[in-house]
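Visitor: sequence unavailable; structure follows:
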């Protein structure tokens with residue numbers, strides 16, 4: 001079945017389509033009810049189905065004779081260690097940790113907070129929770145104590161699984177002290193903390209509360225998978241909220257398993273035995289979906305990488321992993337390759353490695369600019385596929401589904417909607433717009449399996465934030481357009497639009513244009529206050545290594561925008577900076593940049609990769625006197 005035929009079936013006959021996909025997972029009890037509404041009138045998938053996500057990820061494959069196949073490769077350049085776990089070995093470690101947790105009173109429905117670095121134990125912890133029906137909530141390692149405390153209070157976990165430390169390039173992060181502070185700040189009291197002692201920085205355990213990870217599992221017996229309902233929660237993953245209170249995105253078991261298994265074949269064209277690498281972190285949705293669950297559901301070998309695209313040890317790190325582990329499909333954020341390109345614009349490191357195993361590269365998390373896209377495409381001579389999705393959906397909304405049919409790509413577009421996602425563009429009044437007209441990107445209900453059915457303990461917030469603005473549709477919060485060929489172009493968050501004297505400009509469009517400049521490694525554009533025009537654009541630009549950052553470069557960028565967009569865009573301010581402030585998942589902190597430029601007070605976001613960048617930009621901004 002080609003893409004268009006599959007897509008039409010998924011939209012016109014969703015129940016039949018997803019019933020067929022549900023046949024590809026091993027249920028304990030197959031669902032008879034494919035689509036129904038819950039008490040909050042939210043569409044739910046496979047409500048009467050019974051299963052276990054850990055069973056699907058591990059035990060099932062062992063039963064199929066793949067027990068000796070590699071399930072997970074832990075590759076850690078920061079500690080210079082590697083370890084491969086077969087499906088049997090991984091299952092045994094998971095079953096033992098699950099037994100230890102059960103022995104300490106953790107049972108179905110209990111929450112377990114996981115605060116771990118990118119070590120194999122992070123995946124083991126998630127799967128162990130799934131094995132006994134506990135709901136895991138992974139918090140990105142390195143989040144400050146205040147942020148961890150807010151998640152403790154919202155999820156009210158019965159146990160925390162953590163490590164003594166995390167390891168970054170050139171520094172060690174004291175995880176244990178962050179957890180101790182978070183527990184002290186939280187109103188919900190934690191009485192059980194299991195600590196993985198890392199040799200790089202062991203920690204002191206608090207008597208009566210803390211338990212050594214090794215001793216914890218040594219004293220336990222392995223347990224089998226319990227049965228859960230398809231609609232039982234698998235995990236809570238927190239995403240930032242406009243109110244300052246994080247939103248706990250809930251993922252259920254059944255719909256998630258069906259969507260993940262389907263996506264591995266239909267979107268990524270991977271099959272049992274293939275090596276799949278999502279160069280992300282288990283603290284983000286990409287890590288949940290495509291480091292841990294989907295590759296294991298599909299019987300693949302997944303790579304769990306504790307390192308960076310550059311600096312561990314150099315800009316050839318990604319190419320080394322691909323060669324060494326024979327990676328077939330890689331998935332990462334565009335910002336990772338912008339960092340690689342900045343340090344190695346001529347791709348000299350790439351020439352040192354054999355990447356012939358790689359069939360396609362997938363990008364998501366931040367809009368892929370054309371400059372990075374073409375650089376990678378020319379370098380790899382293989383499909384470079386930008387696809388778009390969100391924490392809330394758990395998998396791609398728009399993609400080139402190469403497992404169904406390889407479609408022609410267009411720079412700047414994530415290609416076409418994924419099966420099950422009825423993507424539309426509406427104006428502020430909720431009316432459909434014509435092709436190539438920018439508006440609000442929405443998805444018509446019902447959302448396909450795998451998408452979030454609620455916000456943890458706050459169904460009203462779920463409704464008001466996502467469903468109420470355009471009744472019958474899910475509001476993505478992103479703006480963009482669909483062209484005459486059905487290709488979707490995501491231009492960025494709807495608050496990333498600059499209104500210059502009544503003329504609306506997408507920051508994404510301006511960034512793409514600037515990023516195409518020969519001297520530019522990456523760029524961010526934000527709208528800043530102007531008494532005369534309301535807003536005007538400010539461009540923050542990182543120059544490629546080896547090129548002098550001077551006023552001639554700034555002037556040529558201004559000229560580039562003037563010649564391609566027009567003087568009406570009013571770009572006259574270009575700030576040359578060493579780095580852009582980003583979240584640890586690679587998203588540029590545009591709101592914070594706007595606040596700095598407008599002289600407003602700003603809070604340092606909890607997700608920021610390096611807080612010192614903000615003060616650096618603030619100083620450069622004032623020194624260069626670019627305030628209009």
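Guide: On my side now, so go ahead. Remember, it's a predicted structure, so these values are computed and weren't measured experimentally.
Visitor: which residues in the stretch 501-628 of the chain form helices?
Guide: Counting by DSSP state H, counting those that start in this stretch, the stretch 501-628 of the chain has helices at residues 507-515, 551-564, 590-597, 612-623.
Visitor: starting at the chain centroid, how far to the last one?
Guide: The one in question is helix 612-623. 28 Å (C-alpha atoms, centre = their mean, to the nearest Å).
Visitor: what's next to that helix, contact-wise?
Guide: For helix 612-623, contacts defined as C-beta atoms under 8 Å, 6 or more residues apart in numbering pick out 540, 575-581, 592-593, 596-597, 602, 604, 608, 627. Yep, even glycine has a C-beta here, placed from its N, CA and C like the rest.
Visitor: longest helix of this structure?
Guide: If you go by DSSP state H, the chain has its longest helix at helix 87-103.
Visitor: could I get the buried residue list for that one?
Guide: Residues 87-91, 93-102 are the ones in helix 87-103 that count as buried (16 or more other C-beta atoms under 10 Å).
Visitor: next one: stretch 323-337
Guide: Neighbour-count burial for stretch 323-337 flags 323, 325, 327-337 (criterion: 16+ other C-beta under 10 Å).
Visitor: next one: stretch 71-84
Guide: Within stretch 71-84, the residues scored as buried using 16+ other C-beta under 10 Å are 71-78, 84.
Visitor: now the strands: where do they sit in the stretch 451-600 of the chain?
Guide: 473-482, 488-493, 497-500, 503-506, 520-530, 534-543, 573-576 (DSSP state E, counting those that start in this stretch).
Visitor: greatest separation within the buried residues of stretch 71-84: which pair is it?
Guide: Within the buried residues of stretch 71-84, 71 and 78 form the most distant pair, 22.2 Å apart (C-beta to C-beta).
Visitor: what helix or strand is residue 121 on?
Guide: Using DSSP states H and E, the element containing residue 121 is helix 120-131.
Visitor: quick check: mean pLDDT of that helix?
Guide: Helix 120-131 comes out with an average pLDDT of 98.
Visitor: and the chain, what are its domains?
Guide: Domains of the chain are assigned by automatic domain parsing as 3-307+387-480, 495-623.
Visitor: and residue 578, what pLDDT?
Guide: So residue 578 comes in at 86 (pLDDT).
Visitor: related to what we said a few turns ago, wait, which of the strands of the stretch 451-600 of the chain is closest to residue 125?
Guide: Nearest to residue 125 among the strands of the stretch 451-600 of the chain is strand 473-482; the distance by C-beta to C-beta comes to 30.6 Å.
Visitor: so what secondary structure elements neighbour the closest one?
Guide: Strand 473-482 makes packing contacts with strand 422-426, strand 439-444, strand 488-493 when contacts are defined by 3 or more C-beta pairs under 8 Å, 6 or more residues apart in numbering; DSSP states H and E.
Visitor: got JSON lines for these, with distance to residue 173, mean pLDDT and mean neighbour count too?
Guide: What follows is these, written out as JSON lines (distance: least, C-beta to C-beta, whole Å; pLDDT from 0 to 100; neighbours: other C-beta atoms under 10 Å):
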{"stretch": "strand 422-426", "distance to residue 173": "39", "mean pLDDT": "97", "mean neighbour count": "19"}
{"stretch": "strand 439-444", "distance to residue 173": "36", "mean pLDDT": "96", "mean neighbour count": "21"}
{"stretch": "strand 488-493", "distance to residue 173": "29", "mean pLDDT": "83", "mean neighbour count": "22"}
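Visitor: want to try TSV for those, with distance to residue 118 as columns?
Guide: Shown next, in TSV, are these (distance: least, C-beta to C-beta, whole Å):
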stretch	distance to residue 118
strand 422-426	33
strand 439-444	31
strand 488-493	27
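Visitor: quick one: low-confidence ranges for the stretch 351-500 of the chain?
Guide: Along the stretch 351-500 of the chain, the model assigns pLDDT under 70 to residues 493-497, 499.
Visitor: now the helices: where do they sit in it?
Guide: 370-380, 459-462.
Visitor: those helices: which one's closest to residue 519?
Guide: helix 370-380 (11.1 Å).
Visitor: flag every buried residue along the closest one.
Guide: 371-373, 375-376, 379-380.
Visitor: and which of these is nearest residue 38?
Guide: When the buried residues of helix 370-380 are ranked by distance to residue 38 (C-beta to C-beta), residue 373 comes first, at 40.7 Å.
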